[in-house]
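**Q** Got a predicted structure plus its sequence, pasted below:
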Amino acid sequence: MDLMCRALVIYGTSYLVAGLVLSIPARLQRLARVQPMRSLYLLYILMFLILGGFLGDFVLRDRVWRWVALFLPLCTGMFVAQRALFPASAHIEWPGTAPRNPWAQAFLWIRDNTPSDALFALDPYYTRIAGEDEEGFRAIAERSMLADVKDSGAVSMFPPLAEEWLKEIQVRADWRKFGVNEFQHLKADFGVHWVVVQQPGVPGLTCPNQNQVVQVCRLN
């Protein structure tokens, strides 16, 4: 334990110095995208593991009621918070089971039934829609999509992407008012052939998949 803690002090200090070196001089700011302070993730994980070990060894010990008194409110609070944050998704998503979230269901249908090189368009703020539960389109559907608001993180690391990112966001500023003509403009300007829209959908679109919340539509 002593050896590990000493190593973590050296580890944390080294990356702190690296962070200062890359962040303060203007000529080195381009190297800040390396993000040396992300090293703290490992330090925090080990710090809490060590803290938990000391807590169990010196405070909780072999007293069952102490373990219950600590973990019952802790687990209850985490459960309540998770249900509040992700109300439309299963509390435990077992491997091999179909997702309960309608957005995730649509994304899985896209993965299994659309061309691998298909380009999609969604509401640029779709992860903020109630019930979407921050289900990531690219990760689940394994398809490309026009930029969305959360891509701002990548833009902050790679500024040359900013102009294209902003263009793709702004062109869909009135997404919820889009009709067939606006979707056809997306097809002509960006090569979009598929869109994911909320129910009740948009008249005139061909939608081979839909559920109670969203529709997956092909632009003809």
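**A** Cool, got the structure. Just so you know, these numbers come straight off a predicted model, no measurement behind them.
**Q** From here on, just use CA atoms for contacts and neighbour counts.
**A** OK.
**Q** what's around the closest residue to residue 21 other than its chain neighbours, how many residues?
**A** Take residue 21 and drop its neighbours on the chain: the residue closest to it by Cα to Cα, 6 or more residues apart in numbering is residue 28, 7.8 Å away. By the criterion of other Cα atoms under 10 Å, residue 28 has 11 neighbours.
**Q** any idea how far residue 16 is from residue 28?
**A** Per Cα to Cα, to the nearest Å, residue 28 is found 15 Å from residue 16.
**Q** circling back to that earlier point, would you check that my belief about the residue nearest to residue 21 contacting residue 18 is correct?
**A** No: counting by Cα atoms under 8 Å, residue 28 stays clear of residue 18, with 11.1 Å between them.
**Q** quick one: secondary structure of residue 87?
**A** Per DSSP: H, G, I helix; E, B strand; the rest coil, the local secondary structure of residue 87 is coil.
**Q** Next, give phi and psi for it.
**A** phi -70, psi -20 (degrees, to the nearest 10).
**Q** Show the contacting residues for the residue nearest to it when sequence neighbours are not counted.
**A** Counting by Cα to Cα, 6+ apart, residue 87 lies nearest to residue 131, which is 6.7 Å off, once chain neighbours are set aside. When contacts are counted by Cα atoms under 8 Å, 6 or more residues apart in numbering, residue 131 is found next to 86-88, 101.
**Q** could you show me where the strands are in the chain, in order?
**A** 119-121, 144-145, 194-198, 206-210, 214-218 (DSSP state E).
**Q** Can you select the buried ones from the contacts of residue 131 in ChimeraX?
**A** Here is the ChimeraX command that selects the buried residues among the contacts of residue 131 (16 or more other Cα atoms under 10 Å):
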select :86,88,101
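**Q** ok, the contacts of residue 131 vs residue 211, which is closest?
**A** Nearest to residue 211 out of the contacts of residue 131 is residue 101 (Cα to Cα; 10.4 Å).
**Q** contacting residues around that closest one?
**A** Contacts of residue 101 (Cα under 8 Å, 6+ apart): 88-90, 131-132.
**Q** now swap in residue 81 and tell me
**A** Residue 81 touches nothing, counting by Cα under 8 Å, 6+ apart.
**Q** how far away is it from residue 32?
**A** In terms of Cα to Cα, residue 81 sits 34 Å off from residue 32.
**Q** Same check on residue 140?
**A** 30 Å.
**Q** Would you format the strands of the chain as JSON lines with mean neighbour count, distance to residue 155 and mean pLDDT included?
**A** Putting the strands of the chain into JSON lines (neighbours: other Cα atoms under 10 Å; distance: least, Cα to Cα, whole Å; pLDDT from 0 to 100) gives the following:
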{"stretch": "strand 119-121", "mean neighbour count": "22", "distance to residue 155": "19", "mean pLDDT": "97"}
{"stretch": "strand 144-145", "mean neighbour count": "17", "distance to residue 155": "16", "mean pLDDT": "97"}
{"stretch": "strand 194-198", "mean neighbour count": "22", "distance to residue 155": "23", "mean pLDDT": "98"}
{"stretch": "strand 206-210", "mean neighbour count": "16", "distance to residue 155": "32", "mean pLDDT": "96"}
{"stretch": "strand 214-218", "mean neighbour count": "21", "distance to residue 155": "28", "mean pLDDT": "97"}
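**Q** Residue 211: what's its closest spatial neighbour, skipping adjacent residues?
**A** That would be residue 102: by Cα to Cα, 6+ apart, it lies 6.7 Å from residue 211.
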